[in-house]
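Asker: give me a 3D structure for the following:
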Amino acid sequence: MNIEELRKLREKVKREMKLREKNARIRIIVGMATSGIASGARETMNAILDEIEKRDLKDVIVTQSGEKGLHPKEPIVIVEEIDKKRRFVYGDVTPEVGRMIVIEHIVHGKPIQNYIVQIEEIKEE
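Answerer: Numbering: from 1, shown residues only. The predicted model follows:
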């Protein structure tokens, strides 16, 4: 693949991501600061991405963030219900719990109470 093909591919992916983000119903944010990574956040994120792909969920986007100030609860995963303007902060999210979040919370609409650290209202920006 030459440089021009790579540029075209990059632009195509950017357009697809903008479209996907515009149509997103759910945004999942995985805390990937040093403490999160040391606690297993990378493996958790990979499990979440795998479960989303397996279920072919097109209205869910996954992003990363830095420190959230919740060291004892790492890895942290935030599920934002964009249409309902709610944010669920999950703590101690292992890869197995990450998969459960996708299945129970995102697919079936049932947040997993045992792992919720806090629930917030999403304020308009």
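Asker: please enumerate the helices of the chain.
Answerer: With DSSP state H as the criterion, the chain has helices at 3-22, 34-38, 41-54, 95-100.
Asker: got phi/psi on residue 82?
Answerer: phi -60, psi -50 (degrees, to the nearest 10).
Asker: quick revisit: nearest to residue 121, out of the helices of the chain?
Answerer: helix 3-22 (20.8 Å; Cβ to Cβ). Any C-beta I mention is one placed from the backbone N, CA and C, and that applies to glycine too.
Asker: coming back round to it: with mean neighbour count and distance to residue 63 as extra columns, can I get the helices of the chain in TSV?
Answerer: As requested, the helices of the chain are arranged in TSV below (neighbours: other Cβ atoms under 10 Å; distance: least, Cβ to Cβ, whole Å):
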stretch	mean neighbour count	distance to residue 63
helix 3-22	10	9
helix 34-38	17	13
helix 41-54	18	10
helix 95-100	19	14
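Asker: tell me which residue is most central in the chain.
Answerer: With distances taken as Cα atoms, centre = their mean, the residue of the chain nearest its centroid is residue 28 (2.2 Å).
Asker: for residue 116, find the nearest of the helices of the chain.
Answerer: helix 95-100 (11.2 Å).
Asker: let me see the mean pLDDT of that closest one.
Answerer: Across helix 95-100, pLDDT averages out at 97.
Asker: contacts for that helix, please.
Answerer: 40, 43-48, 50-51, 77, 90, 112, 115 (Cβ atoms under 8 Å, 6 or more residues apart in numbering).
Asker: ok, now with 7 Å
Answerer: 43, 44, 47, 48, 51, 77, 112, 115 (Cβ atoms under 7 Å, 6 or more residues apart in numbering).
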